[in-house]
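# Quick check, what structure comes out for this input:
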Amino acid sequence: MQWEPSPAAKKEAALPDVPEGTRTQQTRQRHAAVHALMAKGVSHSGIVAELRMDPKTVRKYMRAATADELVSSRPTGRRSVLDEHTAYLLARFNEGCTSADRLHKELVERGLKVSERTVRRFVRNLRQNNPSDATPQVPRAREVTTVVLTHPDNRTETNRVTLKELRDRCADLDTACDLVARFAEMLVNLRGEEKLVVWATVAEKSPHPELRGFAAGLSKGWDAVMAGLSLHWNSGPVEGHVNRVKMLKRQMCGRAKPDLLRKRVLLYR
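Numbers count the residues shown, from 1 in each chain. The predicted structure follows:
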């Protein structure tokens, strides 16, 4: 039985505008750069030296009045092997079949001799025009650290899902997240006296050199770290007063004598 696209697929089966690839964009940029230098009166040899391009390539760009003369959807002038099957591929794609391998097998069953690479390229262009079908991008390192270091109560639902997926896929990241969360809990709730020794022992044996180095650094000022993670008292107010005095000294430098500076320090709130 010959395949027939559904009415909905027929309605949606329209050839999308294929986005320009990297090579096409580079061609347009180079053409613009060459003609910008030509407008300034730069010679052929000067353009070659400025843009570091092959002399023959520069000459070709100089002869082309517009970039469209250098860019063509089919540079060889030959028809694509998929031209007669575009409607079929678009209909199948709109029906939910987005696998290039599956579409290639179906085309072979229809008697078409086509390479898998050609079909993959066609499907990739379709996905670029359908963002919902595109493969999600890998988050950047800064985005991952932000999600990990954000308080659990302040994480959005998207961040929670992203972090769960990352921890499920990477055992090392799961270990790092656990150690970071345990240290943050000690820092916020001042539970260092109860948990810091165990945490440092585990961190020193972790597969992450950054956490091992951090745990080793704690031992250099262990008493101060233990006090900071256990006691409610801290030097915050003192540091605040020191910062205030330094600010006043910078403001009054060269503007007042010590007596006026003294009054500002004593009376400033």
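# So what's the residue count around His35?
By the measure other C-beta atoms under 10 Å, the count of residues near His35 is 17. Quick note: C-beta positions are derived from backbone N, CA and C, even for glycine.
# and it, what is it in contact with?
By C-beta atoms under 8 Å, 6 or more residues apart in numbering, the contact set of His35 is Tyr61, Met62.
# Check the offset of the helix or strand Leu166 falls within from the chain's centre.
Following DSSP states H and E, one finds Leu166 within helix 157-169. Helix 157-169 has its C-alpha centroid displaced from the chain centroid by 16 Å (C-alpha atoms, centre = their mean, to the nearest Å).
# Likewise for stretch 251-266?
The answer for stretch 251-266 is 50 Å, by C-alpha atoms, centre = their mean.
# Buried residues in it, which are they?
For stretch 251-266, burial by neighbour count (16 or more other C-beta atoms under 10 Å) applies to Leu261.
# What are the contacting residues of it?
By C-beta under 8 Å, 6+ apart, stretch 251-266 touches Val245, Leu248, Lys249.
# For the closest residue to Val202 other than its chain neighbours, grab the count of nearby residues.
Leaving out its chain neighbours, the residue that sits closest to Val202 by C-beta to C-beta, 6 or more residues apart in numbering is Leu179, at 6.8 Å. Neighbour count for Leu179, taken as other C-beta under 10 Å: 17.
# any idea how far Leu261 is from Leu179?
As defined by C-beta to C-beta, to the nearest Å, Leu179 lies at a distance of 48 Å from Leu261.
# Off-centre distance for the host helix or strand of His35?
In this structure, His35 sits in helix 22-39 according to DSSP H and E. Its chain's C-alpha centre and that of helix 22-39 lie 27 Å apart, by C-alpha atoms, centre = their mean.
# And for stretch 180-199?
The answer for stretch 180-199 is 32 Å, by C-alpha atoms, centre = their mean.
# Switch the contacts of stretch 251-266 over to TSV; also include pLDDT, secondary structure and distance to Leu266.
TSV is the format used below for the contacts of stretch 251-266 (pLDDT from 0 to 100; DSSP: H, G, I helix; E, B strand; the rest coil; distance: C-beta to C-beta, whole Å):
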residue	pLDDT	secondary structure	distance to Leu266
Val245	90	helix	11
Leu248	90	helix	10
Lys249	89	helix	14
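# picking that back up, could you pull out the buried residues of the helix holding Leu166?
For helix 157-169, by 16+ other C-beta under 10 Å, it's Asn159, Thr162, Leu163, Leu166, Arg167.
# And the helices in the stretch 151-269 of the chain?
Shown for the stretch 151-269 of the chain, the helices assigned by DSSP state H, counting those that start in this stretch span residues 157-169, 171-189, 192-204, 209-218, 222-228, 236-252, 258-267.
# what would the ones you listed look like in JSON lines with distance to Ala64?
Listed next are those as JSON lines, based on distance: least, C-beta to C-beta, whole Å:
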{"stretch": "helix 157-169", "distance to Ala64": "46"}
{"stretch": "helix 171-189", "distance to Ala64": "50"}
{"stretch": "helix 192-204", "distance to Ala64": "62"}
{"stretch": "helix 209-218", "distance to Ala64": "53"}
{"stretch": "helix 222-228", "distance to Ala64": "68"}
{"stretch": "helix 236-252", "distance to Ala64": "61"}
{"stretch": "helix 258-267", "distance to Ala64": "71"}
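# Ser45 is nearest to which of those helices?
Closest to Ser45 of these is helix 209-218 (C-beta to C-beta; 52.0 Å).
# Okay, Pro258 and Ser99: tell me how far apart.
Counting by C-beta to C-beta, the gap from Pro258 to Ser99 is 80 Å.
# ah, wrong one, I meant Val123
Distance of Val123 to Ser99, computed by C-beta to C-beta: 8 Å.
# So Cys97 versus Asp153, what's the distance?
43 Å.
# ok, those two, which is more surrounded?
Between Cys97 and Asp153, counted using other C-beta under 10 Å, the more crowded position is Cys97 (14 against 5).
# Would you confirm that Leu37 contacts Ala49?
No. Assessed by C-beta atoms under 8 Å, Leu37 is found out of contact with Ala49, at 10.4 Å.
# Cool, thanks, signing off.
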